[in-house]
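okay, here's the prediction I keep looking at, along with the sequence it came from:
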Amino acid sequence: VQLQASGGGLVQAGGSLRLSCVASGRTLTSYVMGWFRQAPGKEREFVSHIWWSTSSTVYAGSVKGRFTISKDNAKRAVYLQMNSLKPEDTAVYYCASRAISSGDWRYWGQGTQVTVSS
């Protein structure tokens with residue numbers, strides 16, 4: 001699975017951004033698509049994921065209620081709508097994929113920078 005992420009940028013606190021991740025390669029039915037982020041000097045952390053087959057979603061507590069993950073089957077794309085952004089959301093955001101049967105996020109896209117100014 002190849003992943004191509006886009007949509008980052010600079011936004012003021014309280015603003016919104018939508019990240020996109022387009023997947024190519026294997027059939028995605030048996031995969032989970034996720035978003036992670038890494039802030040300067042910090043470890044990469046989980047943000048959200050969605051099961052391709054069922055659209056079941058999970059969110060990190062820090063983004064729950066503000067971020068929404070969704071997918072478009074026809075475009076083989078996963079989106080992360082980020083609302084009410086805070087300066088602490090500043091990070092490089094990565095999309096990733098893993099097989100449902102595996103806990104290993106094996107496939108990663110390039111990161112996209114999100115910067116939230118106060």
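Perfect, thanks for sending it.

which strand or helix spans the residue nearest the centre of the chain?
Nearest to the mean C-alpha position of the chain, counting by Cα atoms, centre = their mean, stands Trp35 at 2.5 Å. Assigned by DSSP states H and E, Trp35 falls within strand 31-38.

that older thread, pretty sure the residue nearest to the centre of the chain is touching Ser97, no?
No: using Cβ atoms under 8 Å, Trp35 makes no contact with Ser97, being 10.7 Å away. Using the backbone N, CA and C atoms, a C-beta is placed for each residue, glycine as well.

now do the same contact list for His49.
32-35, 57-58, 69 (Cβ atoms under 8 Å, 6 or more residues apart in numbering).

wait, which of those is closest to Gln2?
Distance to Gln2 across the contacts of His49 (Cβ to Cβ) is lowest for Met33, with 12.7 Å.

what's the spacing between that closest one and Gly25?
The gap separating Met33 from Gly25 is 13 Å, by Cβ to Cβ, to the nearest Å.

pick out whichever of the two has more residues nearby.
Met33 (25 against 11; other Cβ atoms under 10 Å).

okay, now Ser97: neighbour count?
So Ser97, with other Cβ under 10 Å, has 24 neighbours.

could you look up the SS state of it?
strand (DSSP: H, G, I helix; E, B strand; the rest coil).
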